[in-house]
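Student: Have a look at this fold, sequence not included:
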């Protein structure tokens, strides 16, 4: 069966509703979503939940919780080193799900597991989907999962009410974007620049055209990531994207201050600064339908 011929089950609503509700509330308030990435287990698993709570206090709307991987080819040196620290601390897929269970005792923050394909494939799609739904995960993004390989994974996730987020890049042809967004739920992740994750001084001139091309093919919220690291960049993309994804800026702060006091406060303050940049000055404008 070709990618164009696949028929997927409708997405169940139970768990993914947290993401939908977040975007609906932001639409009403005239703000864009701040999506934060953290590598689970960095600097140690027992610190992760506290760091997540700090980001939530700072205004983060959705969390991407990264599964550390030994060969993170899409990530720059900041997140590569975070994966090394987390793996050295013993973090695994099972650890990540245990951390989600712990987080869910106190928080309803929407949460997407961010991973490469290999750890989830080894864990098993069905097992991962079962345990992720039970833990309180809202969805997952497998960075190197292609749509040609994705149908079994997508079906397992949808049957359990979990969102599947896929990447769209500047080099993705428009016809392929149409096929990718068919398999997306929750939101679509658009890569703002060519290359790997990391801090960038400016937003690529190709980012807005990519947003426009993707918007022609879906009503899902569009999140822009890779290289976003300043409040000014948040302000620049807020009129165009439904969400900004920030990873390396937070992970770098953890690396610099993990050994000293006040890390949680610094994360909270940085999240609040980014969130301020995502507030639209003229009130609610059109966002993606949710």
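Tutor: Received, thanks. Values in this document were obtained by computation on a predicted structure and should not be read as measured data.
Student: Residue 38 contacts residue 48, doesn't it?
Tutor: Yes: applying C-beta atoms under 8 Å as the test, residue 38 and residue 48 come out as touching, 6.9 Å apart. In short, each C-beta sits where N, CA and C put it, glycine included.
Student: Common neighbours of those two, please.
Tutor: Common contact partners of residue 38 and residue 48 (C-beta atoms under 8 Å, 6 or more residues apart in numbering): residue 65.
Student: Tell me which other helices or strands the helix or strand that residue 86 is a member of touches.
Tutor: Assigned by DSSP states H and E, residue 86 belongs to helix 77-88. The contact analysis (3 or more C-beta pairs under 8 Å, 6 or more residues apart in numbering; DSSP states H and E) places helix 77-88 against strand 33-39, strand 62-66, helix 248-257.
Student: quick one: which of these is nearest residue 278?
Tutor: In terms of C-beta to C-beta, the element of these nearest to residue 278 is strand 33-39, at 5.8 Å.
Student: could you point out the longest helix in this protein?
Tutor: Identified as the longest helix of the chain according to DSSP state H is helix 263-277.
Student: Next, the buried residues of that one.
Tutor: Of the residues in helix 263-277, 263, 264, 266, 267, 268, 270, 271, 272, 274, 275, 277 count as buried by neighbour count, 16 or more other C-beta atoms under 10 Å.
Student: measure the residue positioned nearest the centre of the chain to residue 178 for me?
Tutor: Against the mean C-alpha coordinate of the chain, by C-alpha atoms, centre = their mean, the closest residue is residue 64 at 4.0 Å. Taking C-beta to C-beta, to the nearest Å as the criterion, residue 64 is separated from residue 178 by 25 Å.
Student: picking that back up, just put the helices and strands packed on helix 77-88 in a markdown table and tack on distance to residue 209.
Tutor: Formatted as a markdown table, the helices and strands packed on helix 77-88 follow (distance: least, C-beta to C-beta, whole Å):
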| stretch | distance to residue 209 |
| --- | --- |
| strand 33-39 | 21 |
| strand 62-66 | 24 |
| helix 248-257 | 24 |
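Student: which one of those lies closest to residue 84?
Tutor: strand 33-39 (9.6 Å).
Student: Strand partners (parallel or antiparallel) of that closest one?
Tutor: Applying DSSP bridges, strand 33-39 is found paired with strand 62-66 (parallel), strand 243-246 (parallel).
Student: returning to that earlier point: show me the contacts for the residue nearest to the centre of the chain.
Tutor: Applying C-beta under 8 Å, 6+ apart, the residues near residue 64 are 35, 36, 37, 38, 111, 112, 113, 114, 141, 245, 247.
Student: Export those residues as TSV, with columns for pLDDT.
Tutor: Shown next, in TSV, are those (pLDDT from 0 to 100):
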residue	pLDDT
35	98
36	98
37	97
38	97
111	98
112	98
113	98
114	97
141	97
245	96
247	92
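Student: Turn those residues into CSV, including neighbour count.
Tutor: What follows is the contacts of residue 64, written out as CSV (neighbours: other C-beta atoms under 10 Å):
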residue, neighbour count
35, 26
36, 29
37, 25
38, 24
111, 26
112, 27
113, 27
114, 25
141, 23
245, 26
247, 28
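Student: From the residues you listed, pick the one nearest residue 25.
Tutor: Among the contacts of residue 64, and counting by C-beta to C-beta, the member closest to residue 25 is residue 35, at 14.5 Å.
Student: how about the helices in the stretch 151-290 of the chain?
Tutor: 151-159, 174-183, 207-215, 231-237, 248-257, 263-277 (DSSP state H, counting those that start in this stretch).
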